[in-house]
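[1] predicted model follows, preceded by the sequence.
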Amino acid sequence: MFSVAVRVPYNEQTNTFDMNGVTDDDGEVVRKTILDCDVYQGDRVVAATVLRWPNVLTQCPNARVQWTDVLRKCRKQDMTWNDVKLCRNINMRNGRADHAEYRTLQHVNTLVKSENDLMVFYIRASPCDQRCTNQQNPLSILTNIKEIKKWKNYVVVFSDVFRPRDGGNIPENNLRESLKRLGNAIAEEGTKEEDKTLNGLQHIFRCYRQQEMKCFSCDDVTDGDTDGVTDQCVSDRKQPDRKLSDVGKSQERGEIQNQSKNVGKSPERGEIQNQSKNVGKSPERGEIQNQCKNVGKSQQRGKKQNQSKNVGKGQQRGKRQNQSKNVRKGQQRGKRQNQSKNVRKGQQRGKRQNQSKNVRKGQQRGKRQNQSKNVRKGQQRGKRQNQSKNVRKGQQRGKRQNQSKNVRKGQQRGKRQNQSKNVRKGQQRGKRQNQSKNVRKGQQRGKRQNQSKKKQKGNIQRGVMRENHQN
């Protein structure tokens, strides 16, 4: 799914809007840019594809994430879609998407404006009623779509009737109301409030190819219904009964002229690459090129004819209304009652289905929020447990360190005590050794003295004996 806004220049020589003038934007560059999930912004072309999760993981895994809430929850200023898979702080919802038309309209104001140019805003499918044209939805296009009214000439073109991705059906009345809200948003400036829907619908067209290209306005003013939507814009069952050459009749009310050859041709191929391969490249190969070849002449002629025709229609309508006011009211009331009986049933059924769907969505959202809350609680609990565990480890480590320190101190103290004890023992041993030495010395001295004394005594005795012998 993709969307393109093209500023088509007006050729004063041919009095037509000429796609040959869209040459500043290389189609290959446009294709590569939007397939990389970025928005292409040129002087004449702005284009984008839908940005959907998890499709981005295969389409553009290395592209930069553009969702600010994802960056904030992952605590990153810049990251790729592949990085989102590794982010534990976010539970990405499958199917979350920014629609292509929403992304394109965010940058359409960057196009250079020219008074006579034609602004063609193309989207693959008609706008969805739950998001695109829901004023309460923050992703609605009803505000940004008003930017195209800054051009004098502008149209909105789509190819397919919107269908949900799950293949479900949407009541046609919802699709009609969606187109009416879109028409009301793009009504020309100065239009009366009661005429805005009709005026805006005259700028909306559906163009697609079957055997030949068919384009028709979404404005239906038949049967006095001044704010109706043509069946072909809300259903594939009813085909337009106008050939391509007959489109000029409807263009008198402001439609794209019969030169809108190829709008929607590429979208029918079903692939984004084929759809956007040659946007802005050449008239033969571009997706929107040659769509508006003679829109200039036809729009100017159509505008004048439209003004005159609307005056005539208004006079005739007023005359008929004055002549058969009560008849028409009765007929229309009966017709509306008969027609709206099943519509109300369908609306009620759709309302119940939407309510049930919203309830399921709310339950799922609540479940996801509870899961996310439990995950955060678990993470916080784990963090506290880790912190407590680390504190205990630190305390134990400190205790062991203190114990080791005390052991070392005790060992050192014991060592010093042993050294002191050994010193004292050595001193005592030395003292005892000195005392023993002195004792031995005294004993030896006493022994020597005794020996000397005995020797002297013997000498004396021998002297006495010698004297006695001599006598």
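    Arrived safely, thanks for sending.
[2] what residue is smack in the middle of this structure?
    Note on the chain: the residue nearest the mean C-alpha position is residue 67, at 3.4 Å, using C-alpha atoms, centre = their mean.
[3] check it and give its pLDDT.
    Listed pLDDT for residue 67 reads 92.
[4] how much space between residue 377 and residue 70?
    Residue 377 is 22 Å from residue 70, where distance means C-beta to C-beta, to the nearest Å. For every residue, glycine as well, the C-beta is placed using N, CA and C.
[5] next: residue 204.
    34 Å.
[6] secondary structure class for the spatially closest residue to residue 152 that is not a sequence neighbour?
    For residue 152, ignoring the flanking residues on the chain, the nearest one in space by C-beta to C-beta, 6 or more residues apart in numbering is residue 115 at 5.8 Å. Secondary structure of residue 115, reduced to three states by DSSP: H, G, I helix; E, B strand; the rest coil: coil.
[7] doesn't residue 12 make contact with residue 115?
    No. In this structure residue 115 lies outside contact range of residue 12 using C-beta atoms under 8 Å: 12.0 Å.
[8] hmm, back to that, residue 204 and residue 70: which is more packed in?
    The residue with the greater number of neighbours, taking residue 204 and residue 70 and applying other C-beta atoms under 10 Å, is residue 204; the counts read 27 against 20.
[9] so who does the residue nearest to that one when sequence neighbours are not counted touch?
    Beyond its immediate neighbours in the sequence, the residue positioned closest to residue 204 (C-beta to C-beta, 6+ apart) is residue 218, lying 4.3 Å away. Applying C-beta atoms under 8 Å, 6 or more residues apart in numbering, one finds that residue 218 lies in contact with 179, 183, 201, 204-206, 229-230, 233.
[10] quick one: residue 48 is in a strand?
    Yes. Residue 48 sits within a strand when classified using three-state DSSP.
[11] about what we covered before: farthest-apart pair in the contacts of residue 218, please.
    Taking C-beta to C-beta as the measure, those reach their widest spread between 183 and 206, a distance of 13.1 Å.
[12] quick one: the residue nearest to residue 204 from residue 183, how far?
    From residue 218 across to residue 183, the span is 8 Å (C-beta to C-beta).
[13] identify the contacts common to the two.
    Counting by C-beta under 8 Å, 6+ apart, the common neighbours of residue 218 and residue 183 are 201, 204.
[14] next, count neighbours for the residue nearest to residue 56 when sequence neighbours are not counted.
    With C-beta to C-beta, 6+ apart as the criterion, residue 56 has its nearest non-adjacent residue at 4.5 Å, and that residue is residue 81. By other C-beta under 10 Å, the residues close to residue 81 number 25.
[15] how close does the residue nearest to residue 152 sit to residue 7?
    12 Å.
[16] and these two? which has more neighbours close in?
    The neighbour count for residue 115 versus residue 7, taken as other C-beta under 10 Å, is higher for residue 7 (24 against 8).
[17] that one: what secondary structure?
    Applying three-state DSSP to residue 7 yields a three-state assignment of strand.
[18] where in the stretch 251-400 of the chain is pLDDT low?
    Scanning the stretch 251-400 of the chain with the threshold set as pLDDT under 70 gives 251-328, 330, 340.
[19] at 50 instead, please
    When residues are selected by pLDDT under 50, those of the stretch 251-400 of the chain lie in 251-299, 301-302.
[20] show the pLDDT at residue 96.
    The predicted local confidence for residue 96 comes out at a pLDDT of 91.
[21] for it, which non-adjacent residue is closest in space?
    The shortest distance from residue 96 to any residue that is not its chain neighbour, by C-beta to C-beta, 6+ apart, is 4.8 Å, and that residue is residue 53.
[22] for that neighbour, what are its contacts?
    Residue 53 touches 92-97, counting by C-beta under 8 Å, 6+ apart.
[23] was I right to think residue 123 contacts residue 3?
    Yes. A contact is recorded between residue 123 and residue 3 when judged using C-beta under 8 Å, the distance being 4.7 Å.
[24] quick one, strands of the stretch 151-300 of the chain?
    If DSSP state E, counting those that start in this stretch is used as the criterion, the strands of the stretch 151-300 of the chain fall at 153-160, 204-209, 213-217, 219-220, 228-229.
[25] which of those strands sits closest to residue 400?
    strand 153-160 (74.1 Å).
[26] give me phi/psi at residue 122?
    As for residue 122, its main-chain torsions (degrees, to the nearest 10) stand at phi -110, psi 140.
[27] meant to ask about residue 89, not that
    Main-chain dihedrals, residue 89, degrees, to the nearest 10: phi -90, psi 10.
[28] what's the closest non-adjacent residue to it?
    The spatial neighbour of residue 89 that comes closest, neighbours along the chain excluded (C-beta to C-beta, 6+ apart), is residue 73 at 5.0 Å.
[29] you'd agree that neighbour is up against residue 90?
    Yes. Under the criterion of C-beta under 8 Å, residue 73 makes contact with residue 90 at 4.5 Å.
[30] measure the closest residue to residue 153 other than its chain neighbours to residue 11 for me?
    Excluding its sequence neighbours, the residue lying closest to residue 153 (C-beta to C-beta, 6+ apart) is residue 118, at 4.4 Å. Applying C-beta to C-beta, one obtains 11 Å for the distance of residue 118 from residue 11.
[31] now do residue 144
    Using C-beta to C-beta, one obtains 29 Å as the distance from residue 144 to residue 11.
[32] and for residue 422?
    Computed as C-beta to C-beta, the residue 422 to residue 11 distance reads 117 Å.
[33] what's the answer for residue 375, then?
    To residue 11, residue 375 is 61 Å away according to C-beta to C-beta.
[34] look at the two and report which has more neighbours.
    Neighbours per residue (other C-beta under 10 Å) separate residue 375 from residue 11, with residue 11 holding more: 16 against 13.
[35] next up, phi/psi of the more buried one, please.
    phi -100, psi 110.
[36] now the residue lying closest to it once chain neighbours are set aside: how far from residue 231?
    Distance criterion C-beta to C-beta, 6+ apart; nearest residue to residue 11, sequence neighbours excluded, is residue 18 at 4.0 Å. Between residue 18 and residue 231 the distance is 33 Å, computed by C-beta to C-beta.
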